[in-house]
Structure formats: structure tokens, C-alpha cells
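Q: Coordinates only, no sequence provided:
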Ligand SMILES: Cc1cc2nc3c(=O)[nH]c(=O)nc-3n(C[C@H](O)[C@H](O)[C@H](O)COP(=O)(O)OP(=O)(O)OC[C@H]3O[C@@H](n4cnc5c(N)ncnc54)[C@H](O)[C@@H]3O)c2cc1C
Ligand code: FES
């Protein structure tokens, strides 16, 4: 899966709530296959540094993103209208591995951290995926529509304010689901709880890290992630060695 530099056109951009955007893009050339958990490094207007955004969904000539406007770069990007063109390097990073002979998996995500998980279910229809998705409120979930319901065996929405589904954190449902493999992307608290769950029960887990990035291709070391590997603490690059790591290795 060699990365390419592609010029993408925004086909549709939808705002949900205060700061969430669903951005559907197309291009004239065929795009490479993109695995769940890989990301695009996106050029945003009037900024030198690109911004990393995970691949939410993709096809031969289409790719879509879920973006939270949290600062200058994402704000400039999401202010664009349909028809705007931008440059992206994609797909980058390693993506989530799918293990042979395992079907009972859970997708644990929070907010925009749900985005890299959809393609695990979509691209692997043999998996029995249970999605445990956490949001502050029902409005924040709306950016995903019913996409997870299309590809997962079961979807549990969880909200902090109880306005949709389970009133509480999605991590509270892990014991009930008892997955053989857990895929996670979310806030540090969610990652720590998921890591403890995996360690306590001997469950295999993979977590996608969302470090700040510079080059996005392994050259600048801005994105260092501390991991414990082979008994030694090491700094690995989220962009080139990750962003997905075995959850037990992460020093959180
Ligand atoms: C592999 C990867 C995939 C990502 N996928 C998505 C995605 O699908 N959707 C999405 O909305 N965001 C995603 N992010 C986070 C996104 O890259 C940042 O929110 C964005 O770069 C912020 O840029 P900015 O100029 O708008 O904000 P800045 O002005 O640079 O920062 C604004 C705020 O966001 C925080 N921030 C900045 N960079 C990151 C980061 N990398 N991770 C977490 N917080 C950050 C800052 O600490 C600050 O509080 C991803 C990050 C990585 C590394
Ligand atoms: S962002 Fe430069 S090495 Fe990862």
C-alpha cells in the first residue's frame, strides 16, 4: 500500500453540532487500497504543516473523513465548501491488523476516535463486530449517521449526558461483550481503561494513537510514542511505526 499524493475535491461537507464535520471527497485518479486505521496527511489552507486525519471510508476514487474543528488548521479546512480542492498524502501509517481465526471483536471509540474503526467492520464482513461508541451527547453521534449499524453485528451508543443509548462510558460495557480482540481509539482515559481490561483478561488489543505530527512520514520524530517492547522502553514514531500499536505496549 504505497502512499500517493492526491488532489482531492470536496464533494460534500456537512456540519453536525458545534464543531463536527463529515467530509466526502473524490478524485479523478484511482486511489490505492486504504486499510482501517491508516490516515491521510492533509494540506489545509494557509498552513505549512499538514494535519493527520484518519481514513473514515474509502473507495476507488472516493475517501471520506470525520473532522472536529479544534484549532486553526481544522478550522481553515472545514471552512471550505463543496468543490474546493486540496492536496493529501495517503494512505499513511500501518492500520489495524485483523487476526486469523478470530471473529468476536469489539470496536471501542470515543468522539472522532470512532472514525478509524468503521472500516474494520466494513472491510471484514466475516467478523462479528460489536461497536461501543462514546459521545458527549446524541448530537455528536449524528455525524456518523447509521454507518456502524450497516456493518456491525451490534452497536451500543453511549453518551455522557444520557441523551442517547447507555448513560455512561462505553468501557463499562466491555466485560459484558467479552471480545477476543479489542480495537480502540479515544481519549487517554478510555485507552488506559481498555489497556487494563486487556491486561487483566488476557485479551488482545490494538490502539490507534493520535499524536501531534510534523512530517507524517517518519523523518522528524515529532510524533514519538513511548512503548515497552522486548522489555525495554522505546520511542517509536506514530506516523511510520504506528499509529496503531499493540495496546499492552503503550506507556500511557
Ligand atoms: C493518526 C491521526 C489520525 C487523526 N484522525 C483524526 C480524525 O479522523 N478526525 C479528527 O478530527 N482529528 C484527527 N486527528 C487529530 C487531528 O490531527 C488534530 O486535531 C489536528 O491536527 C489539529 O490541528 P489544528 O491546527 O486544528 O489544531 P491546533 O491549533 O494544532 O491544536 C488545537 C487543539 O488540538 C490539540 N491537538 C492538536 N493535534 C492533535 C492531535 N494530533 N491529536 C489530538 N489532539 C491534538 C491541541 O493540543 C490543541 O488542544 C488525528 C490525529 C492523528 C495523529
Ligand atoms: S510526524 Fe515526523 S516522524 Fe512522525
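A: Looks like it arrived, so ask away. Fair warning: this is a prediction, and the values are worked out from it, not measured in the lab. Numbering: from 1, shown residues only. Ligands and ions are numbered 1, 2, ... in the order given.
Q: where in the stretch 1-150 of the chain is pLDDT low?
A: Residues of the stretch 1-150 of the chain that meet the criterion pLDDT under 70 lie in 1.
Q: quick one: the strands in it?
A: For the stretch 1-150 of the chain, strands defined by DSSP state E, counting those that start in this stretch occupy the ranges 4-16, 20-26, 39-42, 51-54, 57-58, 62-68, 85-92, 104-110, 128-135.
Q: Make CSV out of those strands and add distance to residue 248 and mean neighbour count.
A: All C-beta atoms are positioned from the backbone trio N, CA, C, and that covers glycine. Converted to CSV, these look like this (distance: least, Cβ to Cβ, whole Å; neighbours: other Cβ atoms under 10 Å):
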stretch, distance to residue 248, mean neighbour count
strand 4-16, 33, 15
strand 20-26, 31, 21
strand 39-42, 23, 26
strand 51-54, 22, 24
strand 57-58, 29, 22
strand 62-68, 28, 21
strand 85-92, 24, 20
strand 104-110, 15, 25
strand 128-135, 19, 25
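Q: I'd like those as TSV, with distance to residue 193 appended.
A: Listed next are the strands of the stretch 1-150 of the chain as TSV, based on distance: least, Cβ to Cβ, whole Å:
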stretch	distance to residue 193
strand 4-16	26
strand 20-26	24
strand 39-42	24
strand 51-54	21
strand 57-58	27
strand 62-68	21
strand 85-92	28
strand 104-110	9
strand 128-135	11
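Q: Turn the ones you listed into a markdown table, including distance to ligand 2.
A: Output for the strands of the stretch 1-150 of the chain, formatted as a markdown table (distance: least, Cβ to the nearest ligand atom, whole Å):
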| stretch | distance to ligand 2 |
| --- | --- |
| strand 4-16 | 16 |
| strand 20-26 | 22 |
| strand 39-42 | 9 |
| strand 51-54 | 8 |
| strand 57-58 | 22 |
| strand 62-68 | 18 |
| strand 85-92 | 9 |
| strand 104-110 | 23 |
| strand 128-135 | 27 |
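Q: Look at residue 220 and report its pLDDT.
A: On pLDDT, residue 220 comes in at 95.
Q: which residues touch it?
A: With contacts defined as Cβ atoms under 8 Å, 6 or more residues apart in numbering, residue 220 is in contact with residue 214.
Q: how far away is it from ligand 1?
A: 13 Å (Cβ to the nearest ligand atom, to the nearest Å).
Q: Doesn't that residue lie inside a helix?
A: No. Using DSSP: H, G, I helix; E, B strand; the rest coil, the assignment for residue 220 is coil, not a helix.
Q: contacting residues around the closest residue in space to residue 14 that isn't next to it in sequence?
A: Nearest non-adjacent residue to residue 14, counting by Cβ to Cβ, 6 or more residues apart in numbering: residue 22, 4.6 Å away. Counting by Cβ under 8 Å, 6+ apart, residue 22 touches 12-14, 16, 64-66, 143-144.
Q: Just put the residues you listed in a markdown table and tack on distance to ligand 1.
A: Converted to a markdown table, these look like this (distance: Cβ to the nearest ligand atom, whole Å):
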| residue | distance to ligand 1 |
| --- | --- |
| 12 | 17 |
| 13 | 13 |
| 14 | 14 |
| 16 | 12 |
| 64 | 10 |
| 65 | 6 |
| 66 | 5 |
| 143 | 10 |
| 144 | 12 |
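Q: can these go into JSON lines with extra columns for distance to residue 116?
A: Converted to JSON lines, those look like this (distance: Cβ to Cβ, whole Å):
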{"residue": "12", "distance to residue 116": "20"}
{"residue": "13", "distance to residue 116": "20"}
{"residue": "14", "distance to residue 116": "19"}
{"residue": "16", "distance to residue 116": "18"}
{"residue": "64", "distance to residue 116": "12"}
{"residue": "65", "distance to residue 116": "11"}
{"residue": "66", "distance to residue 116": "9"}
{"residue": "143", "distance to residue 116": "14"}
{"residue": "144", "distance to residue 116": "12"}
